[in-house]
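**Q** What follows is a predicted structure for the sequence shown.
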Amino acid sequence: METQATTPAYVIGVDYGTDSVRAVLVDARTGAERAQAVHHYARWKNLHYCNPARNQFRQHPLDHIEGLEAVVRRVAQQVPAAQVVGLAVDTTGSTPGPVNAQGVALGLLPEFAENPNALFVLWKDHTALDEAAEINHKARTWGGEDYTKFEGGIYSSEWFWAKIMHVVREDEAVAQAAHSWMEHCDWLTLLLTGGDLASFKRSRCAAGHKAMWHESWGGLPSEEFLTHLEPKLAGLRDRLFTETYTADEVAGHLSEEWAQRLGLTTDTVVAVGSFDAHAGAVAGEIEAYSMVKVMGTSTCDIVVAPTSEVGSHLVAGICGQVDGSVIPGMLGLEAGQSAFGDLLAWFRQMLEWPLQHVLPHSKVLTAEQQAALREEMSDTLLVQLSEAAAAVDPAQSHVLALDWVNGRRTPDANQALKGALMNLTMGTSAPQVFRALVEAICYGSKQIVERFEQEGIPVKQVIGIGGVAKKSQFVMQTLADVLNRPIKIAVSEQAPALGAAMYAAVAAGVYPDVLTAQKAMGSGFAETYEPNPARVADYQARYEQYQAFGKFVETVTVGGEKEAKETREPAHA
């Protein structure tokens, strides 16, 4: 007869990234991965509802629903449905969307199905620059509590309230129809459980880092402050939430509808939602004063620290410090870069312009041959660039870049800033520019490490997870050299999904807490990049040039100047 400890128990972690959703099926007893599946968003792939020139990036809930059904059904069929005891979702953030009183996303209603303002406002959407600057100004001058102080002292256009303010100002129809707003991770969890919106358990991770939620002032910012920000926000606070919950808690069980759609049972526990980087940090085996760098299109840098040791100290210029946002019982601190892999992808797209716009006029190649050539070159371009850039002697290339093509997230958020290049000559090559871009994202990472340590939060080890960490030896070696620190790379190919599975295992009762689940289900580390002593001094000198270049650009750049003045000195610094 099987005991509870030997009864098969599987959990599913679902990770929503920028371009795709993935799911992993994990043996909760051992951490062994049984299956994984990936689905790319069809509408997003064609940039429907997006306008990059305006920094507008919206995602349709149908992309999310179709992906959820595709990936979970695929992995769930590997084991008997009754053996899947838990499921958890993590998503990008802040990615809020408007919902009606029943919790239905407005984008699923016929009258709003093609309206970008009724869709989910993706993390990288920066249309709310003015609103973020307004929040920062009013938080410091209105005469009451500074609600930004646990958000690093600077509120970003990437976050919850700025995005809502922008949409309700721009679109009266959405403003009137939106009974409430939900972070993506919360909405998907509500969808799966079929629960009641008013009593639904909202994510501590999302609310604390992006919505200015804090226990000390009773939850969300006061009604008085929110209406001071924007009169159209009147009454919304009462339709949102007061309490929040950590990701190891039970949000509910799969509804009858979604159990059937996913091939599971209504006994499957659904955990409270979380953000991808925070779940990834758990899978990356984060511990006190480790920094887990989640490296993909952007980076999120996650540090946890004992609350008793940080005390009431406020860390300036980061993306929030929230009790229990990563590991319940510890303080979660978040930082990051708005563009990491995205910066390299931008350069690749620049180089691919002839393939997209000149090649179709070819009289030599057929349409099929053109398509094959485009695919082959797109697949190999970054690989070849990386090899050529690695061969460039830094002493012979003076090209210097800033990594702010999508603004700066940390330190001291300023999404109005722009990227830049300097020291170009007629002899500058594409590999030299690419190397400068790689160095720039590494210098941006170094600024984040330095900010934590300047603020009294030591960084005792660096752990890398995510696509860039797994795929680019050139980037990771450069990062180790620039930081002058070893970087351990986690084994898991799908770390955020694995972290979500760990949360699900605790919610389902397989483990008593996240630390126990982490130890039992962790996959360890694949390799460690050690810094090259011969490079360290050169990179330190170039890093100082990068800092000087950044200060110059931040001071004089049109469009960045206004917000730079607004955000240069956090209120509590």
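**A** Looks like it came in fine. Residues are numbered from 1 along each chain as shown.
**Q** Flag every buried residue along stretch 511-526.
**A** Buried positions in stretch 511-526, judged by neighbour count with 16 or more other C-beta atoms under 10 Å: Tyr511, Val514, Leu515, Ala517, Gln518, Met521, Gly522, Ser523. Heads up, the C-betas are built off the backbone N, CA and C, glycines and all.
**Q** my bad, should have said stretch 439-447
**A** Counting neighbours by 16+ other C-beta under 10 Å, one finds that the buried residues in stretch 439-447 are Glu439, Ala440, Ile441, Cys442, Tyr443, Gly444, Ser445, Lys446, Gln447.
**Q** do the same with stretch 330-343
**A** Residues of stretch 330-343 classed as buried: 330-343 (neighbour count, 16+ other C-beta under 10 Å).
**Q** cool, and stretch 281-300?
**A** Taking 16+ other C-beta under 10 Å as the neighbour-count basis, stretch 281-300 is seen to contain the buried residues 281-286, 289-300.
**Q** picking up where we left off before, now the buried residues of stretch 330-343 in a markdown table, with secondary structure and distance to Glu387?
**A** Rendered in a markdown table, the data for the buried residues of stretch 330-343 read as follows (DSSP: H, G, I helix; E, B strand; the rest coil; distance: C-beta to C-beta, whole Å):
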| residue | secondary structure | distance to Glu387 |
| --- | --- | --- |
| Met330 | strand | 41 |
| Leu331 | strand | 42 |
| Gly332 | strand | 38 |
| Leu333 | strand | 36 |
| Glu334 | strand | 34 |
| Ala335 | strand | 31 |
| Gly336 | strand | 28 |
| Gln337 | strand | 24 |
| Ser338 | coil | 27 |
| Ala339 | coil | 22 |
| Phe340 | coil | 20 |
| Gly341 | helix | 17 |
| Asp342 | helix | 21 |
| Leu343 | helix | 19 |
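**Q** Return the subset of the buried residues of stretch 281-300 lying in helices.
**A** Among the buried residues of stretch 281-300, DSSP state H puts Ala281, Val282, Ala283 in helices.
**Q** so who does Leu119 touch?
**A** For Leu119, the contact set (C-beta atoms under 8 Å, 6 or more residues apart in numbering) comprises Tyr49, Arg58, Gln59, His60, Pro61, Gly97, Ala105, Leu106, Gly107.
**Q** what do you get for Val326?
**A** Each residue near Val326 by C-beta under 8 Å, 6+ apart is listed here: Cys205, His278, Ala281, Val282, Ile286, Ile302, Val304, Gly332.
**Q** Which residue, other than its chain neighbours, is closest to the spatially most central residue of the chain?
**A** The C-alpha lying nearest the average C-alpha coordinate of the chain belongs to Thr92 (C-alpha atoms, centre = their mean; 4.5 Å). Counting by C-beta to C-beta, 6 or more residues apart in numbering, Trp123 is the residue found nearest to Thr92 once chain neighbours are left out, at 4.5 Å.
**Q** In a helix, the one you found, correct?
**A** No: in this structure, Trp123 is coil, not part of a helix, as judged by DSSP: H, G, I helix; E, B strand; the rest coil.
**Q** my guess is it contacts Thr95, does it?
**A** Yes: Trp123 is within contact range of Thr95, at 5.3 Å (criterion: C-beta atoms under 8 Å).
**Q** Save the contacts of Val326 as a markdown table, and put in distance to Pro80 and pLDDT too.
**A** Supplementary listing: the contacts of Val326 in a markdown table, determined by distance: C-beta to C-beta, whole Å; pLDDT from 0 to 100:
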| residue | distance to Pro80 | pLDDT |
| --- | --- | --- |
| Cys205 | 32 | 97 |
| His278 | 31 | 96 |
| Ala281 | 32 | 96 |
| Val282 | 27 | 97 |
| Ile286 | 33 | 96 |
| Ile302 | 35 | 97 |
| Val304 | 36 | 97 |
| Gly332 | 36 | 97 |
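**Q** Many thanks, we can stop here.
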